[in-house]
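[1] Pasting a predicted model and its sequence here:
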Amino acid sequence: MPELPEVETLRRGLEKHLVGRTILEARVRVGKMVKGTITDPNVFNSSLRGTEILFVGRRGKHLINKLSSGYYLLFHLNMRGQLLMTSIEEPEAKYLAAAFVLDNGQELRFHDMWTWGEMRLVTENELTEHPALRGMGPEPLSESWTVQELSVGLAKRPKTAIKAVLLDQAVLAGVGNIYADESLHRAGVQPLRQAGSLTEAEAERLHREIRAVLTEATEGGGTTSDNYVDAEGQIGRFVPKVYDRGGKPCVACGAALTRIRVTGRGTVYCAACQH
Ligand SMILES: [Zn+2]
């Protein structure tokens with residue numbers, strides 16, 4: 001699933017193409033992916049028609065487009081969703097879920113082979129009340145995210161494996177399987193350690209490494225896995241050091257990386273470097 005660096009890369013790409021553009025029409029091909037109060041494709045389309053995109057934002061893994069109509073158009077890619085800019089001339093691809101026709105001959109197309117992605121048109125009130133957004137934890141790349149805030153999050157679930165706590169969107173927004181494994185490796189913390197057992201120095205190091213790896217990955221255009229591409233169809237250039245590398249040598253010490261499962265998620269770590 002695309003995580004913070006991938007969704008942020010996508011947001012930056014979409015921002016260049018979408019801000020100031022007017023949506024002429026929305027063609028919905030997979031109706032079940034339209035969630036929220038406006039699910040009728042005709043109403044969805046008529047509510048979007050003629051509205052300008054003012055702002056392309058992100059919260060966690062959610063893309064939030066502010067529209068001149070007062071509505072917000074939200075996208076969540078889930079496992080395999082893709083948002084791509086194309087010309088309106090381009091033939092429709094097999095897995096097209098929706099297309100948003102812009103006033104400059106371009107279209108924003110939402111592709112999703114598994115149709116698990118979501119789009120929704122919400123009012124400002126509904127945006128505030130959106131269950132996933134309302135309970136969402138701090139943004140790890142924001143200036144205001146401190147080690148104290150991380151420690152507060154860890155203290156909420158002290159007996160839980162640190163890896164599971166990092167995946168909890170109420171503790172931290174936008175971190176998923178890739179960057180949880182990467183930041184724990186960089187911080188030298190074993191993924192099954194109880195969250196409450198981290199020392200102050202370990203929490204500080206973890207805080208620093210979460211930020212560092214998310215920054216590096218965003219600068220590298222994200223990690224390419226499960227179909228991820230940016231708004232121009234480019235794959236990510238960030239290369240994970242432990243994620244999905246079970247059995248391969250640790251880049252830091254050469255020992256074979258260990259693969260386990262933590263709350264059902266494949267987890268890779270180095271038994272020699274992480275304690
Ligand atoms: Zn190692």
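    Nice, thanks for sending it over. Remember, it's a predicted structure, so these values are computed and weren't measured experimentally.
[2] in this structure, which helix or strand is least confident?
    helix 131-134 (a mean of 90; mean pLDDT, DSSP states H and E).
[3] Show me how far the helix or strand following that one is from its chain's centre.
    Later in the chain than helix 131-134, the nearest helix or strand by DSSP states H and E is helix 147-156. How far helix 147-156 lies from its chain's middle: 21 Å, per Cα atoms, centre = their mean, to the nearest Å.
[4] Spatially nearest residue to Thr160 (excluding sequence neighbours)?
    Leaving aside its sequence neighbours, Thr160 sits nearest to Ala195 (Cβ to Cβ, 6 or more residues apart in numbering; 5.4 Å). Every C-beta, even on glycine, is put in place using the N, C-alpha and C of the backbone.
[5] For the one you found, give me its contacts.
    For Ala195, the contact set (Cβ atoms under 8 Å, 6 or more residues apart in numbering) comprises Leu154, Ala155, Arg157, Pro158, Lys159, Thr160, Ala161, Ile162, Val165.
[6] Assess the claim that Glu124 and Leu67 are in contact.
    No. Glu124 lies out of contact with Leu67 (Cβ atoms under 8 Å); the separation is 10.7 Å.
[7] Settle it for me: which of these two has more neighbours?
    Leu67 (18 against 11; other Cβ atoms under 10 Å).
[8] other SSEs contacting the longest strand seen in the chain?
    Using DSSP state E, we find that the single longest strand of the chain is strand 51-59. Strand 51-59 is packed against helix 4-18, strand 22-28, strand 62-67, with contacts defined by 3 or more Cβ pairs under 8 Å, 6 or more residues apart in numbering; DSSP states H and E.
[9] Look at Thr115 and say how many residues are nearby.
    By other Cβ under 10 Å, 16 other residues sit near Thr115.
[10] what's it in contact with, if anything?
    Shown in contact with Thr115 (Cβ under 8 Å, 6+ apart): Val30, Lys32, Met33, Ala97.
[11] from these, which would you call buried?
    Those of the contacts of Thr115 that meet the buried threshold are Val30, Met33, Ala97, by 16 or more other Cβ atoms under 10 Å.
[12] and those residues as a markdown table, adding pLDDT?
    Formatted as a markdown table, the buried ones among the contacts of Thr115 follow (pLDDT from 0 to 100):
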| residue | pLDDT |
| --- | --- |
| Val30 | 97 |
| Met33 | 97 |
| Ala97 | 97 |
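[13] now, which of these lie within strands?
    Among those, DSSP E puts Ala97 in strands.
[14] can you redo the buried ones among the contacts of Thr115 as CSV with distance to the ion?
    Formatted as CSV, those follow (distance: Cβ to the ion, whole Å):
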residue, distance to the ion
Val30, 44
Met33, 42
Ala97, 41
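[15] where does Gln82 land in three-state SS?
    Here Gln82 is strand, with the state taken from DSSP: H, G, I helix; E, B strand; the rest coil.
[16] mind listing what it touches?
    Gln82 sits next to Phe110, His111, Asp112, Asn227, Tyr228, Val229 when contact means Cβ under 8 Å, 6+ apart.
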